[in-house]
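Engineer: With the input below, show me the fold.
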Amino acid sequence: MVVEPLEFIEHGESVVIPHHLHAWGRDGLEVDAHSTVVLTIRDGRIIEMRLYRQLAEALKAVGLED
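Structural biologist: Numbering: from 1, shown residues only. Coordinates of the predicted model:
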């Protein structure tokens, strides 16, 4: 599996990370997907991770608009 971050958007305690995932299954099935992870970081530690299908959803969740 390869996960390629496309950018890092910092906002307060949150970091929004849109990314591209490329994975291969046991039977050779390939999967390509785009999604966005939002990390909440406090005192240098990740305390929460949320996954969103769309960048706009993730941005809205942290108080930013697309």
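Engineer: When you work out contacts or count neighbours from here on, use the C-alpha atoms and nothing else.
Structural biologist: Noted.
Engineer: which secondary structure element contains the most centrally placed residue in the chain?
Structural biologist: By C-alpha atoms, centre = their mean, the chain has its centre lying nearest to residue 37, at 2.0 Å. For residue 37, the element it lies in under DSSP states H and E is strand 30-42.
Engineer: Need the contact partners of that strand.
Structural biologist: Strand 30-42 is contacted by residues 13-25, 46-55, 58 when judged by C-alpha atoms under 8 Å, 6 or more residues apart in numbering.
Engineer: Does residue 65 belong to a helix, a strand or coil?
Structural biologist: Put simply, residue 65 is coil when judged by DSSP: H, G, I helix; E, B strand; the rest coil.
Engineer: my guess is it contacts residue 56, does it?
Structural biologist: Yes - Residue 65 is in contact with residue 56 according to C-alpha atoms under 8 Å; the separation is 6.9 Å.
Engineer: For burial, what's the neighbour tally of residue 3?
Structural biologist: Burial of residue 3 is recorded as 13 neighbouring residues (other C-alpha atoms under 10 Å).
Engineer: And the helices in the protein?
Structural biologist: Taking DSSP state H as the test, the helices found in the chain are 55-61.
Engineer: which stretches of it aren't confidently modelled?
Structural biologist: 66 (pLDDT under 70).
Engineer: For the residue in it sticking out farthest from the centre, list the residues it contacts.
Structural biologist: Distance from the C-alpha centroid of the chain, by C-alpha atoms, centre = their mean, peaks at residue 27 (26.7 Å). Shown in contact with residue 27 (C-alpha under 8 Å, 6+ apart): no residues.
Engineer: That concludes my questions; thank you for your assistance.
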